Every structure is written in C-alpha cells, then in structure tokens.
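**Student:** requesting a structural model of the entry that follows:
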Amino acid sequence: MSEQLTLEKVNEHLEYRDGKLFWKIPRKGLNKLPNGDYPAGWDNGEGYIKLSFLDKTYYAHHIVFFIHHGRLPISIDHIDGNRSNNKIENLREATLQQNNCNKRINNINKKSNVRGVHPSSNGKKWLVRISVNKKSIHIGSFEDLELADLVAQEARNKYHGNFARHF
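**Tutor:** As a prediction, this is how the structure comes out:
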C-alpha cells in the first residue's frame with residue numbers, strides 16, 4: 001500500500017523550479033544534469049510529464065498544483081494547451097467539461113479547416129455546431145466560410161468562456 005500524498009512529503013523530496021520538478025534526494029538510475037540537478041519525471045509519449053513517487057505514478061502538473069495550492073482537484077487544465085508546460089501560471093483548476101473545451105483540436109473539418117464548421121449536405125452552406133454540456137448545438141448556416149468561422153468563435157467564447165480554444 002502506498003503512502004498518503006502530503007505537502008510535507010512532496011516538499012521533502014521534490015523541488016519546483018520554473019515549471020519543472022527536481023529530486024532533492026538523488027535516486028538510483030537517474031541521470032544527473034550537468035548543473036547537478038536530478039530531473040523528476042519522464043514524457044509519457046502523449047506530451048505529459050509523469051513521475052513515480054510514494055509507490056504511485058503522478059502527472060507532474062498535479063504535483064506542481066499540489067505544491068502551490070495544497071490540494072488536488074479532479075481536473076487541471078494547461079491554459080496554453082501545451083501538456084508539458086507545467087509552470088504554475090499555466091495551470092488552472094477546471095471541470096472535466098472545461099478541460100475538454102480547451103483541448104487541442106482534433107475535430108477540424110477537413111473540407112473547411114475550421115473548428116466547428118462543416119459543409120451542408122448539398123455543399124452550398126457552412127454549418128456551425130459546437131458542443132455544450134456534451135450536446136451538439138446547431139448555431140446557424142452561412143454562405144461565407146469566414147463568417148461561419150467568426151460565428152463559431154463567438155459561440156465558443158459565449159458557451160466556453162475562458163476555456164474556449166479556437167485553434
């Protein structure tokens with residue numbers, strides 16, 4: 001059974017500097033940097049930094065948030081969308097829905113190259129749809145792609161607020 005994560009334990013073993021975590025106590029098998037630091041964590045292949053601590057694996061951004069706020073929320077959002085940018089000013093507490101609103105785009109329509117804008121079935125208009133509370137909402141249809149893009153951005157701003165991502 002693993003030990004409970006406490007601020008005391010974290011501060012005893014880890015140091016936060018400019019978005020990165022370093023071991024205060026050298027660990028077996030770790031390569032020391034030329035400046036003598038022992039970096040904590042590895043890239044998990046999806047851009048997130050993970051580390052093993054107290055017989056458990058954690059995301060580095062969770063530990064950074066914990067160091068600064070003394071608690072672990074359900075979800076932490078990387079404001080700039082860069083999963084490895086763990087500077088505290090780039091991390092904010094979020095609901096799962098808010099975090100999903102700020103995800104990098106993987107749903108760009110190949111015909112429009114615009115998030116949330118799709119051609120109509122007859123190809124004469126551009127349809128704007130965004131997701132709100134896990135439901136797709138039809139915002140409108142437009143003859144001009146640039147106008148449809150602008151309307152989609154305004155809708156994301158309205159419904160997603162500070163978590164709206166347009167690119």
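**Student:** identify all contacting residues around the helix-or-strand element of the chain with minimal mean pLDDT.
**Tutor:** When the helices and strands of the chain are compared on mean pLDDT, DSSP states H and E, helix 96-101 comes out lowest with a mean of 80. Counting contacts by CB atoms under 8 Å, 6 or more residues apart in numbering, the residues outside helix 96-101 that touch it are 74-77, 131, 133-134, 156, 160, 163-165. For glycine as for every other residue, the C-beta is placed from the backbone atoms N, C-alpha and C.
**Student:** so what's the spatially most central residue of the chain up against?
**Tutor:** The centre of the chain sits closest to His78, judged by CA atoms, centre = their mean, with a distance of 3.7 Å. With contacts defined as CB under 8 Å, 6+ apart, the neighbours of His78 are 61, 85-86, 90-91, 102.
**Student:** which strand residues bridge it?
**Tutor:** Taking DSSP bridges, one finds Leu91 as the beta-bridge partners of His78.
**Student:** kindly report the same for Ser136.
**Tutor:** Ser131.
**Student:** and for it, the neighbour number?
**Tutor:** 9 (other CB atoms under 10 Å).
**Student:** returning to that earlier point: what is the nearest of the contacts of helix 96-101 to Val114?
**Tutor:** When the contacts of helix 96-101 are compared for distance to Val114 (CB to CB), Arg156 wins out at 11.5 Å.
**Student:** that's a strand at the closest one, yeah?
**Tutor:** No: under DSSP: H, G, I helix; E, B strand; the rest coil, Arg156 sits outside any strand and is assigned helix.
**Student:** isn't it up against His166?
**Tutor:** Yes: here Arg156 lies in contact with His166, judged by CB atoms under 8 Å, at a distance of 6.5 Å.
**Student:** do a quick rundown of the strands in the chain.
**Tutor:** For the chain, applying DSSP state E gives strands covering 14-17, 20-23, 42-43, 49-53, 56-59, 75-78, 91-94, 117-119, 126-132, 135-142.
**Student:** tell me the contacts of Val128?
**Tutor:** By CB under 8 Å, 6+ apart, the contact list for Val128 reads 116-117, 138-142, 148, 151-152, 155.
**Student:** now, of these, which are buried?
**Tutor:** 116-117, 139, 142, 148, 151-152, 155 (16 or more other CB atoms under 10 Å).
**Student:** good, wrapping up.
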